[in-house]
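>>> predicted model and sequence below, questions to follow.
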Amino acid sequence: MWIQYPILVLLCLTIALWLTTFKLRLKAVLSRQITPHDLFFANTQSLSERAILLGKNYDNQFQLPLLFLLGLFFVELELLDGAFWKVSAWIFVVTRLWHSYEHVIAMNLRRRTIAFTLNACSVFTLWIGLMIHMVQVTQS
């Protein structure tokens with residue numbers, strides 16, 4: 001089935017962000033730029049700007065992407081396999097990658113906002129499609 005591919009891409013993004021964030025935070029602790037106590041209480045102001053941005057972007061992967069993954073769970077549960085679902089899923093993944101790029105590499109707030117808006121619209125479109133499908137199923 002097609003559904004595992006967008007999930008794998010998001011998983012790779014999340015793992016890459018986690019590993020990079022972990023590496024930068026470990027480096028900061030070892031150089032005594034920040035203490036483990038600071039990290040425990042999320043006091044990250046002493047970290048480099050890049051480490052802060054990566055950490056925030058990593059945290060973002062547990063917001064809209066969870067709604068997306070839950071939506072894909074229902075798509076799979078209902079055995080939905082049309083172009084609408086595939087396009088919605090890949091638009092979400094591509095705009096999520098774009099959002100992360102703008103957040104931690106390009107650092108362009110305007111383009112990041114556009115990417116986030118398209119990302120949110122794609123996941124909400126997926127959910128609206130699921131609601132329409134469920135209404136149609138219950139009416140038939």
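Cool, got the structure.

>>> just checking, residue 69 touches residue 6?
No. Using CB atoms under 8 Å, residue 69 makes no contact with residue 6, being 9.4 Å away. Where C-beta positions appear, they are placed from N, C-alpha and C, glycine not excepted.

>>> more neighbours, the two?
residue 6 (21 against 15; other CB atoms under 10 Å).

>>> give me the element that one is part of.
helix 4-30 (DSSP states H and E).

>>> tell me the mean pLDDT for that helix?
Per-residue pLDDT over helix 4-30 has a mean of 96.

>>> immediately after it, which helix or strand?
As assigned by DSSP H and E, the chain's next helix or strand after helix 4-30 is helix 36-40.

>>> for residue 20, which non-adjacent residue is spatially closest?
residue 54 (5.4 Å; CB to CB, 6 or more residues apart in numbering).

>>> quick check, pLDDT for that neighbour.
At residue 54, the model reports a pLDDT of 94.

>>> okay but it is in contact with residue 18, surely?
No. Using CB under 8 Å, residue 54 is not in contact with residue 18, being 9.1 Å away.

>>> who's more crowded, these two?
Neighbours were counted for residue 54 and for residue 18 using other CB under 10 Å; residue 54 has more, 25 against 14.

>>> the helix holding residue 6 packs against which elements?
helix 36-40, helix 49-60, helix 64-77, helix 83-101 (3 or more CB pairs under 8 Å, 6 or more residues apart in numbering; DSSP states H and E).
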